[in-house]
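J.: any chance you can model this:
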Amino acid sequence: MHQAAEAAGCSVRRASKWVHRCRGGNQELPDRSSRPHRSPARLSRQRVEAIEALRRLWMTAAEIAEVLGLPLSRVSLWLKRIGLGRRSRLQPPEPPNRYERRHPGELIQVDIKRLGRISARGAGHRVLGHRKSQYKLTDLGRRSRATGFEYLHVMIDDHSGLAYAEVLDALGADRAAAFLRRAVAWFVERGVPVHRVDERRMKVKWRGGGLLFDRFGGCG
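T.: Sure thing, here's the model as predicted:
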């Protein structure tokens, strides 16, 4: 038994327990539940049904505990177990508030997400605990940071969910306008003519957003 336990990487006691279970007919040796076989202090099903019935009358946990003569903590525990911990659960869920444009290209949503760039030397200080992965490059006498951020630009059709995305190295109206031209051409190639672009987020998130549509040509 000692050799078998050492080969299995467990204690002799645990190996003996598995052998006993196997000899008892349990060939798969699954883990048993730690729940006790008997729980004398557990509430009866009638009590739990009474708690649920009173809860559906919009009674608070304190009121239910007073009526049934139970501790407030036990009533609160069972209310959570049956999914009625909050009285708002008594109301039917609201239907999903969704909308969808009737035609492809009727409205195009555009957004941006700033992402931390991972350099060739690895992740940043929040992962590695040091800043050795951050470095700068020199181009024509000007030093620029090689790490920093990247900017994910996304355009999504509000009807079909068709999406186009690019990762750009910086923000700016010129880059955003160039991205819009490429994205609109990509949509047109797939049979989705762009009729309107929602520019509200673009004017907030892109630098020079007020000049963006003048440079793009008035797609909005």
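J.: report how many residues lie close to E100.
T.: Counted with other CB atoms under 10 Å, residues neighbouring E100 total 10. All C-beta atoms are positioned from the backbone trio N, CA, C, and that covers glycine.
J.: pLDDT at it, what is it?
T.: Looking at E100, its pLDDT stands at 75.
J.: hmm, D158 and it touching each other?
T.: Yes - with contacts counted by CB atoms under 8 Å, E100 reaches D158, the gap being 7.1 Å.
J.: need the residues touching each of the two.
T.: Common neighbours of E100 and D158 are not found (criterion: CB atoms under 8 Å, 6 or more residues apart in numbering).
J.: so, low pLDDT: which residues of the protein?
T.: Along the chain, the model assigns pLDDT under 70 to residues 119-127, 133-147, 199-220.
J.: ok, the spatially closest residue to R196 that is not a sequence neighbour to L152 distance?
T.: Spatial nearest neighbour of R196, excluding adjacent residues (CB to CB, 6 or more residues apart in numbering): L107 at 5.2 Å. In this view, L107 and L152 are 21 Å apart by CB to CB, to the nearest Å.
J.: more crowded one of those two?
T.: L107 (17 against 13).
J.: contact partners for that one?
T.: 101, 158-159, 195-198.
J.: how does it look with 10 Å?
T.: 100-101, 156-159, 194-198 (CB atoms under 10 Å, 6 or more residues apart in numbering).
J.: and if you look at G83?
T.: Going by CB under 10 Å, 6+ apart, the list of residues near G83 reads 52, 89.
J.: okay, buried residues for the longest helix along the chain please.
T.: Determined from DSSP state H, the single longest helix within the chain is helix 173-189. Neighbour counts using 16 or more other CB atoms under 10 Å place 173, 175-180, 183-184, 187 of helix 173-189 among the buried residues.
J.: now the helices for this protein?
T.: Taking DSSP H as the test, the helices found in the chain are 2-8, 12-23, 45-55, 61-68, 72-81, 125-128, 173-189, 200-205, 212-216.
J.: okay, now V48: neighbour count?
T.: Count around V48 with other CB under 10 Å applied: 15.
J.: meant to ask about R98
T.: 5.
J.: who does the residue nearest the centre of the chain bridge with?
T.: With distances taken as CA atoms, centre = their mean, K113 lies nearest the centre of the chain, 15.6 Å away. Beta-bridge partners for K113, by DSSP bridges, are L152.
J.: check contacts around it.
T.: 150-154, 165, 167, 205.
J.: break the chain down into its structural domains.
T.: Domains of the chain are assigned by automatic domain parsing as 2-27+42-90, 108-216.
J.: including distance to S34, could these go into CSV?
T.: As requested, the domains of the chain are exported to CSV (distance: least, CB to CB, whole Å):
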stretch, distance to S34
domain 2-27+42-90, 14
domain 108-216, 37
